[in-house]
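Participant: for reference, the sequence and a predicted model appear below.
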Amino acid sequence: MADSPTPGDRPKRPARPASGGKPQARPTSGGKPQGQQARPARPATPADRTPVPRKERDVAPYEPPTFRSQIPTRGKVASWFAPVGGFGVTISNMFRPTVTEEYPSEKVPTKPRYHGRHQLNRYADGLEKCIGCELCAWACPADAIYVEGADNTPDEQHSPGERYGRVYQINYLRCIFCGLCIEACPTRALTMTNDYELAGPTRAGMIYEKQDLLAPLREGMLAAPHPMVEGTTDTEYYRGEVTGPTPDQVDWVREHRPDDPTLPGGAGVDAANVPGPAAAVMAETVAAATKQGLRGLR
Amino acid sequence: MTITTPRATGTPLVPAPAAETAPVPADTVTFTIDGVETTVPKGTLVIRAAEHVGIQIPRFCDHPLLAPAGACRQCLVEVWAPGRDGNLAKMPKPQASCTLEATPGMQVKTQHTSAEADKAQHGVMELLLINHPLDCPVCDKGGECPLQNQAMSNGRATSRFVDVKRTFPKPIAISTQILLDRERCILCQRCTRFSEEVAGDVWIDLQKRGALQQIGRFDPAVLDFAGEEPVGAAVEDTSGRPFASYFSGNTVQICPVGALTSAAYRFRSRPFDLVSTPGVAEHDSQGSAIRVDHRRGVVLRRLAGEDPAVNQEWITDKDRFGFHWQTAPDRITTPLVRTRRADGTRGELEPASWVEALEHAAHGLREALAPSDPRETARGAAVLPGGRLTLEDAYAYGKFARVALGTNDVDHRARPHSAEEEQFLGHHVAGRTLEVTFADLDAAPAVLLAGLEPEEEGGVLFLRLRSAVQHTRLRVYAVAPFASRGVQRLDGTLVAAAPGTEAEVLDAVVPGGDTAQLAAAAEALALDGAVILVGERLAASPGAYSAALRLAARTGARLAWVPRRAGERGSVEAGTLPSLLPGGRPVADSSARVDVAAVWGVEHLPAEPGRSATEILAAARAGTLGALVVGGLDPADLPDPAIAREALDRVPFLVSLEVRRSEVTDRADVVLPVAPPVEKGGTFVTWEGRPRPFPPALVSHQLSDHRVLDRLADELGVELGLTSLAAVHGELDQLGGWDGVRVEAPAADAAEPPAVAPGQAVLATWHLLLDGGRLQEGEPFMAGTAKRPAARVSAGTAAALGVAPGGGVVVSTDAGSITLPAVVVDMPDLVVWLPTNSPGSAVRDALHADAGDLVRIAAAPAGAIALTDRPTDEEAGA
């Protein structure tokens, strides 16, 4: 409020603290308007002292400010060209390089750190990195990830250590690709690929299961489950000291799954890398859309 | 009841206990914490006083229900105390606030105001984390771990430790259920203190010293006992797994790190996944508060809830782990209807709509009540609700029988029972709630147990008794054939009684009695506040309830009835007994009938007291009963399962309200699915008569029994008005208690002890806590912690039979036989004890006999039993 009441404006009342005071009309020159609308000053005439009903006194008549344009006035030539001036942008763009992307007929690679579809990585010997700890699900702001852990048993060792992710689902209808799950992952099992073509005919199909998300086996990897490299713990795996399957692991797989395509002399990793159902449908959808796009070009 | 609005006048049917007021402490101490002056009762620990003024001190080993240990040192604070000269002097080192009692004028500075305390706590945390594996991502405790939380709040952000951590093989299985990961352990000793102080089972303990100090199970290799097993342990081993405990799950819950985990919940979920709903355990009449944690409609675990008046913070493993039965694959989810073939035999059960099933059921019941063929001898309908119901459901069964079926033939007792028991319940139990409570046991100088084995049949009751034995010097007297391990851990005095002679023994409890035990018991019971607890097993012992009432009158001790099942007490209050209406109103009393008929809005109620469960089944077997409505009842629990099965086979029309497929649904004409406790709300009533309301944990379309019965009655043209819990509570409150004439006290005579011929013995039997019950199915880890079934005989009997050490006995009747390994205990001769319903020892099913009956007994031929008196290491680690 004002520092002190202006003489003549209800002089008998002491100044009130700003916080407790009721809105009152004050001369603007007296001080800052304290969160209230500044009102025009009123003449402090004796007539004003006559008791006026409060409402009436508070509401001052609105006086519109005088309008004055800030745009400088143009010269004669400019005013003459003004009606067609807008075409200047159009015409100048005709001579610029085109920016239209011919998606999906031409697919432009994303930037390397683009946040695309997730992938569950593997260690060099083919064991999964995911330990089913659910930290990704915990970090997810969109509640798009659902994980259930389970015990690794000697007969079914999916990942190094005691625990693996038995169920892993990412709902791409919910995912906002923020990447917090990647930051949360303690084993770097979850990373993002650059794949942005996420489309599908059904809502259920947009929920990726573990087999859709698992990274494809690379040449030399041995499909899980199989035991860890003998004499190692999950620490050695994490440190990157495991560089590939050992003969013991190969023997174990040969004994338990003689037809496994990733065995040496087997059908090869390409035969093992069968995409999961959701990923397969999505790949089909995207391929169909691409074809559609290409047809338009012909 | 707490769940209803109290009536303006009178008391509700099952009134809630009055709120407990904290006693005003005699001596107080005034001191300051962080400059906040506070006054606490003398003897209060500083850490507890800090909690009261809202100052949080980090801690691991401290637990309000365990004795202070000062083991983890995390709660260090700076302390200034007045010395002899009266001047404040600082204690030279930081003090553990969990073991430090507040003294007048003391000034405590926690980590909030003292840099020294803060530094000390950071140092302790750093030391605790040196050998901790930090494997939080794979640890079950991750997300709800005090170590994790306090390492964040009171620890260093980064580790300075660069050396190799101490590792142990992980995890070792202490039992099939409890897994121990020693790497994560911070040696706070909460688990060992719990097992020593609370449960009394020393099954894990500290071993070794220094950096190698660890929690371990009994391990002959560590303790250097290899080759020479201790005698004491060996005796116990034959009867069960060594060092297994019914309360082991509590250690998992109080472990402040992930060192103890349960196999059932291992790697199942994370705390943020779970939705927690408070609940009440459905396994026993103790009404333990539990917390049901579920995710997406699936219950993943149950934890102990906190209720100082009932279970404190402990529950039994059965309450904790036994919940898979509710989602068993044999759950019934739709109504089923069976059509009779042309020759009258039963066809196949077919799924049906509710409308169809209810119509079919109503048609069958109507036909039974008023047969279209006047020559039909099978007339009338009866109701067997079973003993596991909530108060509301039991009430609905009682009302359904009386209003819709017009009969008093309703009996919830699916166990050996007697007319004397019914009279006892009507006289002493019904309508007299909260006369003896858990708090009274704490205050009691002596408790006499008769027909009740507190650990096996009570669980939490045992813990409360044990706590009273330890803290308030309670003395326990047990009228039983032998002192079980539970009674031994209560420091109990055995008042030996062969089965069937309980009445005689109770009558002999007089000052200057025949034996020292009898005289001591009489003397103790005469003390102010003494309590007599009788179990449901006394029903099999003629005259025992009468004798117990006489004993109570003689000594002035209070008498309470402790049944086993969760629904028994509530059913007594709700009036599902043939001679009892709700609130202990006798059927024979016309004013009681008028009272109830007025609330129920009917002209009159059937005046003739009904038939007991045994009589109902006998009538059904004889073909004089037209229809049966059966709730959650297992024929194998009944005194003679064979007769029960025959009765169910022969009754012309059978309606079953069940959660899962059972022997009853296999014979039923109409099966109406009902909700298990996790999917419905309701109220269990504890043995004290304390209402324990609980909400539904899961969203479910299944109906609870009272709603099904309401719809069935609708179909019969009778309006029960029990469509919702609120409606039932309204009626219960309207009914209120009964202050009229009660059922007369029973005055049954004791039976003459039977003459035992050579080769015979008297059977003693009771249920073990973990046995072959249907509510424990689907949980193999818990089943592994059950005691091994064993027959118990006295040394004299064993010698007379020629049972070799480690040999077995064959107990047989005309119906069948049971072969079990024999354990020699100190008990009366010519008595043999068998677990009632353990694997390989289904006494009622196999022998058609019960406690007090004569059975034949012989030594088992060599090789008849596998000599697995002691589980091998592989088994224990499996």
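Facilitator: Arrived safely.
Participant: biggest strand in chain A by residues?
Facilitator: Secondary structure of chain A per DSSP state E: the longest strand is strand A:163-171.
Participant: list the strands paired with it, with their directions.
Facilitator: Its sheet considered, strand A:163-171 pairs with strand A:145-151 (antiparallel), strand A:207-208 (antiparallel) by DSSP bridges.
Participant: any stretches of the stretch 201-350 of chain B with poor pLDDT?
Facilitator: Per-residue confidence for the stretch 201-350 of chain B (pLDDT under 70) gives these ranges: B:218-244.
Participant: for it, what spans make up the helices?
Facilitator: Taking DSSP state H, counting those that start in this stretch as the test, the helices found in the stretch 201-350 of chain B are B:220-223, B:231-237, B:249-254, B:317-321.
Participant: so which bits of stretch A:287-298 are buried?
Facilitator: By 16 or more other CB atoms under 10 Å in any protein chain shown, stretch A:287-298 has no buried positions at all. Yep, even glycine has a C-beta here, placed from its N, CA and C like the rest.
Participant: correct me, but B:S546 touches B:A747?
Facilitator: Yes - in this structure, B:S546 sits in contact with B:A747. The criterion is CB atoms under 8 Å, and the distance is 5.4 Å.
Participant: and these two? Which one has more around it.
Facilitator: The residue with more neighbours, out of B:S546 and B:A747, is B:S546; 22 against 12, by other CB atoms under 10 Å in any protein chain shown.
Participant: now what about the helix or strand that contains that one, what contacts it?
Facilitator: Assessed by DSSP states H and E, B:S546 sits inside helix B:544-555. Helix B:544-555 is contacted from outside by B:420-421, B:423-424, B:427-428, B:448, B:450-451, B:502-504, B:506-507, B:509-510, B:522, B:525-526, B:530, B:532, B:534, B:538-539, B:557-559, B:745-748, B:750, using CB atoms under 8 Å, 6 or more residues apart in numbering or on different chains.
Participant: contacting residues for residue 286?
Facilitator: I'll assume chain A. Applying CB under 8 Å, 6+ apart, one finds that A:V286 lies in contact with A:P104, A:E197, A:A199.
Participant: chain B is the one I meant
Facilitator: The contact partners of B:Q286, taken as CB under 8 Å, 6+ apart, are B:V310, B:N311, B:G458, B:G459, B:V460, B:L461, B:T686, B:W687.
Participant: state the distance from it to chain A.
Facilitator: Using CB to the nearest CB, to the nearest Å, one gets 33 Å for the distance from B:Q286 to chain A.
Participant: in space, not sequence, find me the middle residue of the chain.
Facilitator: Went with chain A since none was named. A:C178 (3.5 Å; CA atoms, centre = their mean).
Participant: wrong one, chain B
Facilitator: Of all residues in chain B, the one closest to the mean position by CA atoms, centre = their mean is B:D284, 3.3 Å from it.
Participant: and the closest residue in space to it that isn't next to it in sequence, how many neighbours?
Facilitator: Distances taken as CB to CB, 6 or more residues apart in numbering or on different chains place B:G459 nearest to B:D284, at 5.5 Å, with adjacent residues excluded. The burial metric for B:G459, expressed as a neighbour count using other CB under 10 Å, is 27.
Participant: how many residues are close by the residue in the stretch 351-500 of chain B positioned nearest to chain A?
Facilitator: Scanning the stretch 351-500 of chain B for proximity to chain A using CB to the nearest CB identifies B:P351 as nearest, at 27.0 Å. Burial of B:P351 is recorded as 13 neighbouring residues (other CB under 10 Å).
Participant: what do you get for the one 10 residues further on?
Facilitator: Around B:A361 sit 29 other residues, with neighbours defined as other CB under 10 Å.
Participant: skip the chain neighbours and tell me the closest residue to it.
Facilitator: Leaving out its chain neighbours, B:A361 is closest to B:V670 (CB to CB, 6+ apart), at 4.2 Å.
Participant: beta partners of the one you found?
Facilitator: On the basis of DSSP bridges, B:V670 is bridged to B:V337, B:V655.
Participant: for it, give me its contacts.
Facilitator: B:P335, B:L336, B:V337, B:R338, B:A357, B:H360, B:A361, B:G364, B:L654, B:V655, B:S656.
Participant: tell me where the model's unsure across the stretch 1-150 of chain A.
Facilitator: Counting by pLDDT under 70, the stretch 1-150 of chain A contains low-confidence residues at A:1-58.
Participant: quick one: the strands in it?
Facilitator: With strands called from DSSP state E, counting those that start in this stretch, the stretch 1-150 of chain A shows them at A:118-120, A:145-151.
Participant: give me whichever of the ones you listed is most buried.
Facilitator: strand A:118-120 (a mean of 22; mean count of other CB atoms under 10 Å in any protein chain shown).
Participant: which helix or strand contains the residue nearest to B:G83 when sequence neighbours are not counted?
Facilitator: Nearest residue to B:G83 in three dimensions, chain neighbours excluded: B:A89, at 4.5 Å (CB to CB, 6+ apart). For B:A89, the element it lies in under DSSP H and E is strand B:88-90.
Participant: list the neighbouring strands of the next helix or strand after that strand plus their orientation.
Facilitator: Note on strand B:88-90: by DSSP H and E, the next helix or strand toward the C-terminus is strand B:95-96. Here strand B:95-96 is paired, per DSSP bridges, with strand B:76-82 (antiparallel).
Participant: export the partner strand as CSV, just CAs?
Facilitator: What follows is strand B:76-82, C-alpha atoms only, in CSV (Å, rounded to 0.1, in the frame of the first residue of the first chain):
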residue,chain,number,x,y,z
LEU,B,76,24.4,-43.7,17.7
VAL,B,77,23.6,-40.3,19.2
GLU,B,78,25.6,-37.8,21.2
VAL,B,79,24.5,-37.8,24.9
TRP,B,80,25.1,-35.3,27.6
ALA,B,81,24.0,-36.3,31.1
PRO,B,82,24.2,-34.7,34.5
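Participant: I'd like the average pLDDT over it.
Facilitator: Confidence for strand B:76-82, expressed as mean pLDDT, is 95.
Participant: kind regards, and thank you for your time.
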